[in-house]
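>>> using only what follows, build the 3D model:
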Amino acid sequence: MVLEAMASGLSCISFNYAAGCRLIRHGMNGYLADCDDEAGFVAIARACAVDGVGLTGAKAHETAAAFDWGLITQTFEHYLHEVVATQATSARTPPKAVPAAPGELANRGKLGG
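Here you go, the predicted model:
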């Protein structure tokens, strides 16, 4: 939702996480609050309501305009290829041996008689 709001020219307030931390540059095209700082988030929202959003809405729109579906699709495909390559590599790698519990090796000889 962050990118859509930015595309609409809205000044966004987000926690510094997920899309917010990837798209927003605090004070330039939106505002970020630390993930565990609810009071900070509310303070930013109040300041925006009182002082207005200034130029951050216009800058937010510029940021969003730099993204197009071709770029988004290309990036998504890149990540999918990375996951597939990682899965293929891990499927060919034999599992690591699990260390025996203390005394287990000694008991193995007693099982057969």
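>>> just the buried residues of the helix ranked longest in the chain, please?
Longest helix in the chain, counting residues (DSSP state H): helix 69-92. Counting neighbours by 16 or more other CB atoms under 10 Å, one finds that helix 69-92 has no buried residues. Every C-beta, even on glycine, is put in place using the N, C-alpha and C of the backbone.
>>> so who does the residue minimising distance to the centre of the chain touch?
By CA atoms, centre = their mean, the chain has its centre lying nearest to residue 18, at 3.7 Å. Contacts for residue 18 (CB atoms under 8 Å, 6 or more residues apart in numbering) come out as none.
>>> what separates it from residue 32, distance-wise?
Distance, residue 18 to residue 32, using CB to CB, to the nearest Å: 11 Å.
>>> before we move on, back to that, please save the CA atoms from the longest helix of the chain in PDB.
Coordinates of each C-alpha in helix 69-92 appear next as PDB, following Å, rounded to 0.1, in the frame of the first residue of the first chain:
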ATOM      1  CA  TRP A  69       5.400  -3.100 -13.800                       C
ATOM      2  CA  GLY A  70       8.200  -4.200 -16.000                       C
ATOM      3  CA  LEU A  71      10.800  -3.300 -13.300                       C
ATOM      4  CA  ILE A  72       8.600  -4.900 -10.600                       C
ATOM      5  CA  THR A  73       8.100  -8.100 -12.600                       C
ATOM      6  CA  GLN A  74      11.800  -8.300 -13.500                       C
ATOM      7  CA  THR A  75      12.800  -7.900  -9.800                       C
ATOM      8  CA  PHE A  76      10.300 -10.600  -8.700                       C
ATOM      9  CA  GLU A  77      11.500 -13.000 -11.400                       C
ATOM     10  CA  HIS A  78      15.100 -12.400 -10.200                       C
ATOM     11  CA  TYR A  79      14.100 -13.400  -6.700                       C
ATOM     12  CA  LEU A  80      12.200 -16.500  -7.900                       C
ATOM     13  CA  HIS A  81      15.300 -17.600  -9.900                       C
ATOM     14  CA  GLU A  82      17.400 -17.200  -6.800                       C
ATOM     15  CA  VAL A  83      15.100 -19.300  -4.700                       C
ATOM     16  CA  VAL A  84      14.900 -22.000  -7.300                       C
ATOM     17  CA  ALA A  85      18.700 -22.100  -7.700                       C
ATOM     18  CA  THR A  86      19.100 -22.300  -3.900                       C
ATOM     19  CA  GLN A  87      16.600 -25.100  -3.700                       C
ATOM     20  CA  ALA A  88      18.300 -27.000  -6.500                       C
ATOM     21  CA  THR A  89      21.700 -26.700  -4.800                       C
ATOM     22  CA  SER A  90      20.400 -27.800  -1.400                       C
ATOM     23  CA  ALA A  91      18.600 -30.800  -3.000                       C
ATOM     24  CA  ARG A  92      21.900 -32.100  -4.400                       C
END
